[in-house]
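[1] Return atomic coordinates for the entry below.
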Amino acid sequence: MIFAQLTDIHIKAGGKFAYNCVDTLSHLRQAVAHLNAFHPRLDFVVISGDLVDLGNANEYELFRQEIDQLEMPFYVIPGNHDHRDAMRDAFADHDYLTSEGALQFSIEKEGLRIIGLDTTIPGKHDGHFDAEKQAWLRDELQAHKDQPTLVFMHHPPFKTGIQHMDNIMLMRADKDFWPLVTGQSQIRQIACGHVHRAIEVFKNDIPVSICPASGHQVTLDLDPHGEPGFVMDPPAVRIFRWSEGELINHLSFIGDFGGQHPFFDKDGKLID
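    Okay, here's the model as predicted:
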């Protein structure tokens, strides 16, 4: 089974540029074309938050118009730029989503449990995991304790070293989140968005990753007094492969970078 993570699209109504310079609509169209062209064909896509920029109905209408061009199923969770109620209305046909409260899901695909968490709190950019969300996750993990599990969430539950993003990470993660998942050996990975960069950490015996955005990327500035900003590094999606009990992931960059170039000539000899 092969599937993808797409994140942090930030669509604006009417195709308006984000920050007056990022054509997020064109970036989304390129991402959709990239995912549709991937070989072997992807089984599904998980979109891990910040689908739109301001969370209004017009943005979600445009996002649906474009994302519905995917040739495989897709699943969504919210980010801090999303509006939970507007998003629930926009995806009313997605019956895997919880019907009230936090916008979450738990599905099974070829023996792999996939859980999507809502780490948002209305009107805030940082992430929170309150008692209701904790109880839901605890029940899901207990109900499927023998099933390998991949968890998607928008806000990362660790500090990246990029200070302005760490200021809006999953707050109180060491108290509200990690006690729930630590020691849960069925969790194979936690996959996040939000930071617009490829970042990985191994925390409490669980691999945790952040996927690059489909458009602009947060500047890699590890100066604790650095100014918030972004760069136009190549966008990417994360590709997961689930096979024989192993979960492997790759970055797949979106764009034309030349190739494919052969290593060997037509006679099977290595090209000098």
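[2] quick one, helices of the stretch 101-250 of the chain?
    In the stretch 101-250 of the chain, the segments counted as helices under DSSP state H, counting those that start in this stretch are 131-143, 163-166, 173-176, 178-181.
[3] First-to-last residue distance for stretch 82-95?
    19 Å (CA to CA, to the nearest Å).
[4] Please state the offset of that stretch from the chain centre?
    Centroid separation for stretch 82-95 versus its chain: 17 Å, with CA atoms, centre = their mean, to the nearest Å.
[5] Can you list the buried residues in that stretch?
    By neighbour count on 16 or more other CB atoms under 10 Å, the buried set for stretch 82-95 is Asp82, His83, Arg84, Ala86, Met87, Arg88, Ala90, Phe91. From N, CA and C alone the C-beta is placed, and that goes for glycine too.
[6] could you say what helices and strands the strand or helix carrying the fourth one packs with?
    Meaning Ala86. Assigned by DSSP states H and E, Ala86 belongs to helix 84-90. Contacts defined by 3 or more CB pairs under 8 Å, 6 or more residues apart in numbering; DSSP states H and E place helix 84-90 against helix 57-67.
[7] So for the helix it packs on, what gets flagged as buried?
    Neighbour count says helix 57-67 has Glu59, Tyr60, Leu62, Phe63, Glu66, Ile67 buried, by 16+ other CB under 10 Å.
[8] could you dump those residues to TSV with pLDDT and distance to Leu97?
    Shown next, in TSV, are the buried residues of helix 57-67 (pLDDT from 0 to 100; distance: CB to CB, whole Å):
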residue	pLDDT	distance to Leu97
Glu59	98	18
Tyr60	98	14
Leu62	98	20
Phe63	98	15
Glu66	98	20
Ile67	98	15
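[9] Next, give me the two most distant ones among those.
    Largest separation among those by CB to CB: Glu59 and Ile67, giving 11.9 Å.
[10] wait, which of the buried residues of stretch 82-95 is closest to His216?
    For the buried residues of stretch 82-95, the nearest to His216 is Asp82 (17.4 Å; CB to CB).
[11] Spatially nearest residue to the closest one, not counting backbone neighbours?
    In space, and not counting its chain neighbours, Asp82 is closest to Gly55: 5.3 Å by CB to CB, 6 or more residues apart in numbering.
[12] what's the burial count for that neighbour?
    Using other CB atoms under 10 Å, Gly55 has 21 neighbouring residues.
[13] quick one: it and Asn80 touch, right?
    No. The pair Gly55 / Asn80 is not scored as a contact, 9.3 Å apart, by CB atoms under 8 Å.
[14] any weak-confidence spans in the stretch 51-200 of the chain?
    In the prediction, the stretch 51-200 of the chain carries no residues with pLDDT under 70.
[15] Going by residue numbers, what spans are strands in the stretch 101-250 of the chain?
    105-109, 112-116, 149-152, 187-192, 199-203, 206-210, 217-218, 230-231, 236-243, 246-253 (DSSP state E, counting those that start in this stretch).
[16] buried residues in the first one?
    Meaning strand 105-109. Phe105, Ser106.
[17] Next, the angle helix 131-143 makes with that strand.
    20 degrees (axes from the mean of the first three to the mean of the last three CA atoms, to 10 degrees).
[18] Likewise for the last one?
    Interaxial angle of strand 246-253 relative to helix 131-143 (the same axes, to 10 degrees): 130 degrees.
[19] Send me strand 246-253 as CSV with only the CA atoms.
    Only the C-alpha atoms of strand 246-253 are listed here, as CSV (Å, rounded to 0.1, in the frame of the first residue of the first chain):
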residue,chain,number,x,y,z
GLU,A,246,7.0,-2.1,7.8
LEU,A,247,6.1,1.6,7.4
ILE,A,248,8.6,3.5,5.2
ASN,A,249,8.4,7.1,4.1
HIS,A,250,10.1,9.2,1.4
LEU,A,251,10.0,12.9,0.4
SER,A,252,8.8,13.5,-3.2
PHE,A,253,9.6,17.0,-4.4
